[in-house]
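Participant: A predicted structure for the sequence below; I have some questions about it.
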Amino acid sequence: MMGLATVMIGVFGGQITSDPQVLAEMRRVLPWIVATLSFHGSAVTLEGVLLSRQRFRGLTVNYSILAVVVAAFQVATRRFNLGGAPKTAEEKEY
């Protein structure tokens, strides 16, 4: 999967979009995608172990923490414009 993501973004990125800024951003986040996907197999395996041993409390705690972190990240990204997108006219403060 990591190889496919790397090839799709690195080699065939121009087939997805012709916007040079989008292509540059895709290439900039590629290492993060590879890093994230490199842990995915282990995470899914460990999740399967917890499910097979019926250890639901640990999964519940982990997913609850994950939900809070994702929500906080989304709020921070929008509030502090961490996505890098220019603000629209409606979002600009006058």
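Facilitator: Looks like it arrived, so ask away.
Participant: Give the ranges of residues in this protein that sit below the confidence cut-off.
Facilitator: The model of the chain has pLDDT under 70 over residues 1-2, 83-94.
Participant: In it, where's the longest helix?
Facilitator: helix 20-52 (DSSP state H).
Participant: Please put the alpha-carbon coordinates of the next helix or strand along the chain from it into PDB.
Facilitator: Using DSSP states H and E, the helix or strand that follows helix 20-52 in sequence is helix 56-79. C-alpha atoms of helix 56-79 as PDB (Å, rounded to 0.1, in the frame of the first residue of the first chain):
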ATOM      1  CA  PHE A  56     -13.300  -4.300  24.700                       C
ATOM      2  CA  ARG A  57     -12.400  -1.800  27.400                       C
ATOM      3  CA  GLY A  58      -9.000  -1.100  25.900                       C
ATOM      4  CA  LEU A  59     -10.400  -0.600  22.500                       C
ATOM      5  CA  THR A  60     -13.100   1.700  23.900                       C
ATOM      6  CA  VAL A  61     -10.600   3.900  25.600                       C
ATOM      7  CA  ASN A  62      -8.300   4.000  22.600                       C
ATOM      8  CA  TYR A  63     -11.100   4.900  20.200                       C
ATOM      9  CA  SER A  64     -12.400   7.500  22.600                       C
ATOM     10  CA  ILE A  65      -9.000   9.200  22.800                       C
ATOM     11  CA  LEU A  66      -8.600   9.000  19.100                       C
ATOM     12  CA  ALA A  67     -12.000  10.700  18.500                       C
ATOM     13  CA  VAL A  68     -11.100  13.500  20.800                       C
ATOM     14  CA  VAL A  69      -7.700  14.000  19.200                       C
ATOM     15  CA  VAL A  70      -9.100  14.000  15.700                       C
ATOM     16  CA  ALA A  71     -11.800  16.500  16.600                       C
ATOM     17  CA  ALA A  72      -9.200  18.700  18.300                       C
ATOM     18  CA  PHE A  73      -6.900  18.500  15.300                       C
ATOM     19  CA  GLN A  74      -9.700  19.500  13.000                       C
ATOM     20  CA  VAL A  75     -10.700  22.500  15.100                       C
ATOM     21  CA  ALA A  76      -7.000  23.600  15.400                       C
ATOM     22  CA  THR A  77      -6.500  23.200  11.700                       C
ATOM     23  CA  ARG A  78      -9.400  25.400  10.900                       C
ATOM     24  CA  ARG A  79      -8.900  27.900  13.700                       C
END
